[in-house]
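Student: A predicted structure for the sequence below; I have some questions about it.
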Amino acid sequence: MRKFSLDNKIFADILKHQAVHMDQAVCYCPEYLATRDMCYYPSRVAQIIRAVWLGELEPSQFGADLVFSSLLSGLGERWQNFGESPNGYLFSQILGRELFLKHGFYREDADKLLETIASQGDHILPIDAHERQLWKEAIPVEEDSNICLFVDDATYAFCSSSAIHLGDFLNSLDIQVHEDIGPYFGGFEYFAMGLVDKGIAHFQKLIDQLEEKGIRRVITLTGQSHFLLTTLCEAVGISHELEIINILELATEITASKAYLYGGSFYTRFLGMSDLLNELTENQEEKPIHNSCEFLPFVEGDKRVNTVTMWGMPVCSEFILGTGDDKLLSSIGAMAVTDIKKAGGKEIIVCDPHAYFKLHRLGNTAQYYLDYLR
């Protein structure tokens, strides 16, 4: 039996736990706020998944649409009020999507995702020659280095302008990395689409390739990559001896100036790194703004105008969507931009490549956090 499965009592119990009604965080659930419909609330979706899995409910297009509609941001779930693991609902959602795929729903979308990845040489995004050359020239490499700089597809495609500063940052720490700096496709999209077997096989191949190169340490540049190589690897039963270090753990400062700092779902919710982001942008002088939201506090500060928390509204899905209701996604993005603008920062510093790209598409001037690392 595959470890990561609803047939495993561990994950069946997780799903059962998520299906219990706990609606205290409904006012922070993006899907609910966009629709005002409780059927989008996490416990309701978990109930549908569990009922279909147990054979108590016939799988339907309506149920499939609900299961596949979430941004997978983890916002508004029960764990945020009760100190539980942030991963339970995400795991249930992934396995729920696999369940509906097996019943024939969203197969066309899954096939389209597989075709996209295959057509781009096992990548989720197209990577052009200019970007490859830019990264190659910017990053300090050493042929026999046992350190891998895990430059993921999204960072390559959306944030190539940060390569020069990242290279300077690594040089300041006297770090030379293995000459193969990617781009690496982490494979989260497989799981987000419910293609769990594909995702596990991709993970194992990726880990094997890193170890065959003699890699011992991996520096991740995004919350998604870090989550993949730590939490999700462990959940699906893939063990490795690699030391996974996030770029934020090597920094002493993010040199912001009266900026709104957007942490992103992976950093703030799934990895619990809000405190680190706040420490790296610590204000010398800080005054709370009392009419801001309870869990989304704005401040008057010299470096940062908000306190990063796990409750921040997601700008977008922080992966390439294979599915989704465009109207729902647009509404959620608009709410996030409204929250950001309320803070009144002089600039927006973004810690996720997908959100960085999305904010620019929405007409907002945003900066990428790799440019501000010291």
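Tutor: Structure received. Quantities reported herein were computed from a predicted structural model and do not represent experimental measurements.

Student: what's residue 184 sitting at in phi/psi?
Tutor: phi -110, psi 130 (degrees, to the nearest 10).

Student: who's in contact with it?
Tutor: Residue 184 makes contact with 150, 151, 152, 153, 206, 225, according to Cβ atoms under 8 Å, 6 or more residues apart in numbering. Every residue, glycine included, has its C-beta placed from N, CA and C.

Student: rerun at 6 Å
Tutor: 150, 152 (Cβ atoms under 6 Å, 6 or more residues apart in numbering).

Student: any idea how far it lies from residue 205?
Tutor: According to Cβ to Cβ, to the nearest Å, residue 184 and residue 205 sit 11 Å apart.

Student: Please give me every residue in contact with residue 311.
Tutor: Applying Cβ under 6 Å, 6+ apart to residue 311 gives the contacts 28, 295, 296.

Student: What of residue 89?
Tutor: 18, 42, 77.

Student: re the thing from before, now that we have the contacts of residue 311, can you turn them into a markdown table and tack on pLDDT, neighbour count and secondary structure?
Tutor: Shown next, in a markdown table, are the contacts of residue 311 (pLDDT from 0 to 100; neighbours: other Cβ atoms under 10 Å; DSSP: H, G, I helix; E, B strand; the rest coil):
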| residue | pLDDT | neighbour count | secondary structure |
| --- | --- | --- | --- |
| 28 | 86 | 20 | helix |
| 295 | 84 | 14 | coil |
| 296 | 87 | 17 | strand |
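
Student: one step back: which PyMOL command selects the buried ones in the contacts of residue 89?
Tutor: Filtering those down to the buried ones (16 or more other Cβ atoms under 10 Å) takes a single PyMOL command:
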select buried, resi 18+42+77
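
Student: In helices only, show me the contacts of residue 89.
Tutor: Among the contacts of residue 89, the members found in helices (DSSP state H) are 18, 42.

Student: just the contacts of residue 89 now: which is nearest residue 350?
Tutor: residue 77 (23.1 Å; Cβ to Cβ).

Student: what's the next secondary structure element after the worst-scoring helix or strand of the chain on mean pLDDT?
Tutor: Between all helices and strands in the chain, the lowest mean by mean pLDDT, DSSP states H and E belongs to helix 79-82, at a mean of 76. Counting by DSSP states H and E, the next helix or strand C-terminal to helix 79-82 is helix 88-102.

Student: roughly how far is that next one from the heart of the chain?
Tutor: 17 Å (Cα atoms, centre = their mean, to the nearest Å).

Student: And for stretch 121-139?
Tutor: For stretch 121-139, the distance to the chain centre is 21 Å (Cα atoms, centre = their mean).

Student: Just the residues contacting it, thanks.
Tutor: So stretch 121-139 is contacted by 120, 153, 156-157, 160, 163-164, 167, 181, 183, 185, 189, 320 (Cβ under 6 Å, 6+ apart).

Student: Output the contacts of residue 311 as TSV; include the columns distance to residue 59.
Tutor: Putting these into TSV (distance: Cβ to Cβ, whole Å) gives the following:
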residue	distance to residue 59
28	29
295	36
296	37
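
Student: now the strands for the protein?
Tutor: All strands of the chain, identified by DSSP state E, fall at 147-150, 217-220, 243-246, 259-262, 286-288, 299-301, 347-350, 366-368.

Student: what's the closest non-adjacent residue to residue 78?
Tutor: Beyond its immediate neighbours in the sequence, the residue positioned closest to residue 78 (Cβ to Cβ, 6 or more residues apart in numbering) is residue 22, lying 3.7 Å away.

Student: what's the pLDDT at that neighbour?
Tutor: We have a pLDDT of 70 for residue 22.

Student: ok, so what distance separates it from residue 329?
Tutor: 25 Å.
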